[in-house]
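Trainee: Here is my input; please provide its structure:
(one chain, ligands or ions: 4)
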Amino acid sequence: MSTSVPLIVRLLSSSVSVANRAGKIVRDVMSKGELGIIEKGKDDYQTEADRSAQRCIIASLSAQYPKLNIIGEEDNPDNEGDVPSDWIVLESDKDVLSLECPVALKSVKEEDIVVWVDPLDGTSEYTQGFLEHVTVLIGISVNEKPVAGVIHQPYYKNLVGSEKKMGRTIWGLQEVGVGGYTPAPPPDSLVITTTRSHSNPVVEQALSVMNASQILRVGGAGYKVLQLLEGKASVYVFASSGCKKWDTCAPEAVLNAAGGKLTDILGNFYKYGASVSHPNKTGVLAAVNDELHSYALSRIPQELKEALSNK
Ligand SMILES: Nc1ncnc2c1ncn2[C@@H]1O[C@H](COP(=O)(O)O)[C@@H](O)[C@H]1OP(=O)(O)O
Ligand SMILES: [Mg+2]
Ligand SMILES: [Mg+2]
Ligand SMILES: [Mg+2]
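Mentor: Ligands and ions are numbered 1, 2, ... in the order given. Reported below is the predicted structural model:
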């Protein structure tokens, strides 16, 4: 690997490769059938796939970039110890490696970067068999802003020639763009995507004021942003706490690179520095463009915004 390639581009290309490996781990745990489910809290689960995929990602990135600050969802995976050697991925995606680095990111150093890792987004859906909703998320932030990210979908069915290939990896880089999927414009009418496993009365109130023609209820922050990118939904609304920085960093970076916008329900951006608190207390509001984002924001009643910000 050439070291003349700027760090951000190298790190993004490494993240694409390691996300592919983590996705294979996610599939392998499911095929074996021993999910090893642990209940971390109410409606909050962890499986062997979450633990193993995180170990693979963190071991692989820290082996190559030792000064990175990497924050993963699963603290203290209970099976610490040596990471199997075939989980350490040192390759990097050649296409991403050849991207032109934006001028503003050319001199970024490892110490300036915080990487947010959600080894398996959509754990509830994974345990319930909604496998298409599952993603692996690696978000790269600089100066508290998400600048690059990877959304890997392990159960996406690809046809390469006549051969079926599992999984796809979508990446985004600030000012450069996105890759790994076929972009599509938003639907003609307002289609909202939201949670299927973490709803409550406030979440429902925020949906009811949107005047949507259709509401899609799916798992995972990564999958919902994929629905925006692929023109299956116009806006992602989640008026509740529950998502954390690792849920939104990669999706926000990819969405930004595609011209979209992700904020909280009040319209404020989240920050992704190393010392921020992890919960996204004031929810998620995302859209493929500014116009749809402004529309959705304008529909949220003031009392709902206040109720969320005072929690
Ligand atoms: N109440 C909650 N408890 C734990 N995780 C949550 C909660 N709400 C949201 N999340 C995380 O945010 C993601 C998006 O939320 P939702 O699927 O409900 O729209 C979930 O897949 C889950 O990520 P993860 O599966 O990585 O723990
Ligand atoms: Mg979780
Ligand atoms: Mg998640
Ligand atoms: Mg997770």
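Trainee: I figured Thr195 hits Val203, correct?
Mentor: Yes - between Thr195 and Val203 there is a contact under C-beta atoms under 8 Å: 6.5 Å. For every residue, glycine as well, the C-beta is placed using N, CA and C.
Trainee: Between these two, point out the one with more neighbours.
Mentor: Thr195 (24 against 18; other C-beta atoms under 10 Å).
Trainee: Now the common contact residues for Thr195 and Val203.
Mentor: 238, 240 (C-beta atoms under 8 Å, 6 or more residues apart in numbering).
Trainee: tell me the secondary structure for Trp246?
Mentor: Secondary structure, DSSP: H, G, I helix; E, B strand; the rest coil: Trp246 is helix.
Trainee: And the strands in the protein, which stretches?
Mentor: Here the chain has its strands, by DSSP state E, at 38-41, 44-46, 69-72, 113-121, 135-142, 145-160, 163-173, 177-179, 191-194, 214-217, 235-238, 261-263, 284-287.
Trainee: Sheet partners, orientation included, of the fourth one?
Mentor: It stands for strand 113-121. strand 69-72 (parallel), strand 135-142 (antiparallel) (DSSP bridges).
Trainee: Report the rounded mean pLDDT for that strand.
Mentor: Here strand 113-121 scores 98 as its mean pLDDT.
Trainee: Kindly report the same for the last one.
Mentor: Per-region confidence: strand 284-287 scores 98 on mean pLDDT.
Trainee: if we can go back for a sec, mean neighbour count and distance to Leu297 for the strands of the chain - can I get that in a markdown table?
Mentor: Listed next are the strands of the chain as a markdown table, based on neighbours: other C-beta atoms under 10 Å; distance: least, C-beta to C-beta, whole Å:
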| stretch | mean neighbour count | distance to Leu297 |
| --- | --- | --- |
| strand 38-41 | 11 | 30 |
| strand 44-46 | 17 | 28 |
| strand 69-72 | 18 | 28 |
| strand 113-121 | 27 | 24 |
| strand 135-142 | 29 | 23 |
| strand 145-160 | 22 | 19 |
| strand 163-173 | 19 | 22 |
| strand 177-179 | 17 | 23 |
| strand 191-194 | 23 | 13 |
| strand 214-217 | 14 | 18 |
| strand 235-238 | 26 | 10 |
| strand 261-263 | 22 | 8 |
| strand 284-287 | 25 | 6 |
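Trainee: and ligand 4, which of these is closest to it?
Mentor: When the strands of the chain are compared by C-beta to the ion, strand 113-121 sits nearest ligand 4, at 4.3 Å.
Trainee: returning to what we had before: what would the strands paired with strand 113-121 look like in TSV with mean pLDDT and distance to Leu262?
Mentor: Output for the strands paired with strand 113-121, formatted as TSV (pLDDT from 0 to 100; distance: least, C-beta to C-beta, whole Å):
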stretch	mean pLDDT	distance to Leu262
strand 69-72	97	18
strand 135-142	99	11
